[in-house]
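# quick check, what structure comes out for this input:
(chains A and B, ligands or ions: 6)
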2 protein chains.
Amino acid sequence: MSQSDHPAMTESALESSYGGESMAHMRYLIFADIAEKEGFKNVARLFRAIAFAEQVHARNHFQRLSKLKDGKKVVADAPFGPGNTSKNLELAIMGEEFEVNEMYPTYIEMAKFQKDKEAEISFRYALEAEKIHAQLFKEAKKYVDQGKDMPIDGFIWICPVCGHTLIAKEPPNRCPICAAFGKDFLKF
Amino acid sequence: MSQSDHPAMTESALESSYGGESMAHMRYLIFADIAEKEGFKNVARLFRAIAFAEQVHARNHFQRLSKLKDGKKVVADAPFGPGNTSKNLELAIMGEEFEVNEMYPTYIEMAKFQKDKEAEISFRYALEAEKIHAQLFKEAKKYVDQGKDMPIDGFIWICPVCGHTLIAKEPPNRCPICAAFGKDFLKF
Ligand SMILES: [Fe+2]
Ligand SMILES: [Fe+2]
Ligand SMILES: [Fe+2]
Ligand SMILES: [Fe+2]
Ligand SMILES: [Fe+2]
Ligand SMILES: [Fe+2]
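Numbering: from 1, shown residues only, chains lettered A, B, ... in the order given. Ligands and ions are numbered 1, 2, ... in the order given. As a prediction, this is how the structure comes out:
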C-alpha cells in the first residue's frame, strides 16, 4: 500500500517516471558535452535545453511524492551505449519514442483509472513535451548524419512549469500546454 | 548474458549505479532551489556542487557501457519525500549513507570477484566522494536545524574525473583520489 496520497500503482508510476526523467536529463548533459567536442554547437545547445525540460518533468513527478519519507526501489527504462553524436541522437530518439508511444500514454490511463488527477497532469505535461523532443532530435540527426550542425533560428525556449519546448525568436505569450507566462520561459 | 565487455552481473551494477547517480543529481538540483528560496545560500551552493559530483559519477558509469546499444530496465534505490531543507538534508544523508555502507562496497566486491577493473575503479571513485558528501550534508544539517546557513570558508571544489569534493580556498595540486590536476577542478 501507499504511504503517500496516491494509490500504490500510480505512486510507483510516478517514482518510475522520476527515475526515467532523471536518467534522460543526465544522458542529455553527457551527450551535450560530446556534441560540443565534435563541433555541433547547436546540437549541444538542444541537448542542454531538453535536459532542462526533463528536469522540469522529474521535479514535477518528485514533488507529487512529498508525503513519502524513505527509500524506494525504482524500476525505469533507459537506453544505453553512448558514442558519437549520431549514435547519441539515435539513443535520444529511442528514449523519447518509448515515452511517447508506450510509457506516458499507459501511465496516463493508469492515473485516470485510479482517479489520480495530480499524477495524470504530471504525466500529460511530460507526454506533450516528449512528442516535440522526439521531433527535434530527428531533425538534428538529419543534419548530423550529413556532417552538419543543426540550424537554429532564434532560441530554444523551455516552459519552467511543464517543460514545453519550442524554437522561436521570442517565447509565446502563454504556454500552449499549461498557460504559464512566456516571460518565465528559460532561453537556451 | 552481456552484450558489453562487462560480465552481466557487473554490467547491471553499472546500470543501476547510473540510475542511482542520475536520481541523486536530480534530487540535489531540486533541493538546491528549495534551499535558495529558504535563504540557505551556502546549502544551495553545496547541493549544486555535489549535484555536479554525482554527474561525474553517472558519466563514468555510463561511459563504461558504450558497447551497449539498446534499452535496459534499470533498478535503483532512491529516497523520496521532498520537504523543507532540513528534511531534504535528511534524505540526502540517507541516500549517501546507503551508497557508502551498502551499495558501493558491495558493487566493488562484485566487480573484483568478476575481475572487472574498469567497473571497480568507477565504483571506487564514487565511494570515496560519497563518504565526504555524507559528512558535508551532516554538517549542513546541524546549522540548518538551528535556523542558520552553513558557513563555507572559500569554495567547494569538485574533481571532474572522480567527483572528489572538498571545501578550501584553493584546489589541491593533484586530486588525492585520482591524481587529476587541481587546476581542472570545478569551483562552486
Ligand atoms: Fe521528460
Ligand atoms: Fe524528452
Ligand atoms: Fe508550460
Ligand atoms: Fe555519486
Ligand atoms: Fe554523493
Ligand atoms: Fe579526482
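# for the longest strand out of those in chain A, give the mean pLDDT please.
Secondary structure of chain A per DSSP state E: the longest strand is strand A:71-79. Taken as a whole, strand A:71-79 has an average pLDDT of 96.
# what pairs with that strand, parallel or antiparallel?
Partner strands and pairing direction for strand A:71-79 (DSSP bridges) are strand B:71-79 (antiparallel).
# do the longest strand of chain A and ligand 1 meet?
No - using Cβ under 5 Å from the ion, strand A:71-79 never reaches ligand 1; the gap is at least 11.8 Å. C-beta: built from backbone N, CA, C; applies to glycine.
# is it true that residue A:170 lies in a helix?
No - according to DSSP: H, G, I helix; E, B strand; the rest coil, residue A:170 belongs to no helix; its state is coil.
# that one and residue B:31, how far apart?
33 Å (Cβ to Cβ, to the nearest Å).
# please say which of the two ends up with more neighbours.
The neighbour comparison of residue A:170 against residue B:31 (other Cβ atoms under 10 Å in any protein chain shown) goes to residue B:31, with 27 against 11.
# any idea how far the more buried one is from residue A:70?
Noted for residue B:31: a distance of 16 Å to residue A:70, by Cβ to Cβ.
# counting neighbours, what do you get for residue A:123?
28.
# what does stretch A:120-139 rub up against?
A:13-14, A:17, A:21, A:46, A:50, A:53, A:57, A:60-61, A:64, A:89, A:92-93, A:96-97, A:99-100, A:104-105, A:107-108, A:111-112, A:150, A:161-167, A:177-178 (Cβ atoms under 8 Å, 6 or more residues apart in numbering or on different chains).
# give me the mean pLDDT for that stretch.
In this model, stretch A:120-139 has an average pLDDT of 98.
# now do stretch A:50-60
For stretch A:50-60, mean pLDDT is 98.
# tell me if that stretch is near ligand 3.
No - contact between stretch A:50-60 and ligand 3 is absent, the nearest approach being 8.5 Å (criterion: Cβ under 5 Å from the ion).
# list the contacts of that stretch.
By Cβ under 8 Å, 6+ apart, the list of residues contacting stretch A:50-60 reads A:17-18, A:21-22, A:24-26, A:28-29, A:32, A:122, A:125-126, A:129, A:133, A:136-137, A:156, A:158-165, A:186, A:188, B:26, B:29-30.
# now check that stretch, is it near ligand 1?
Yes - against ligand 1, stretch A:50-60 shows contacts by Cβ under 5 Å from the ion at A:54, A:57.
# distance from that stretch to the middle of the chain?
Relative to the chain's own centre, stretch A:50-60 is displaced by 6 Å; criterion: Cα atoms, centre = their mean, to the nearest Å.
# can you check stretch A:83-102 too?
On Cα atoms, centre = their mean, the centre of stretch A:83-102 falls 12 Å from the chain's centre.
# what are the buried residues along it?
A:85, A:87-100 (16 or more other Cβ atoms under 10 Å in any protein chain shown).
# what's the mean pLDDT across that stretch?
98.
# how about the residue in chain A positioned nearest to ligand 6, phi and psi?
Evaluated by Cβ to the ion, chain A has residue A:33 as its residue closest to ligand 6, separated by 17.4 Å. When read as degrees, to the nearest 10, the backbone of residue A:33 gives phi -60, psi -40.
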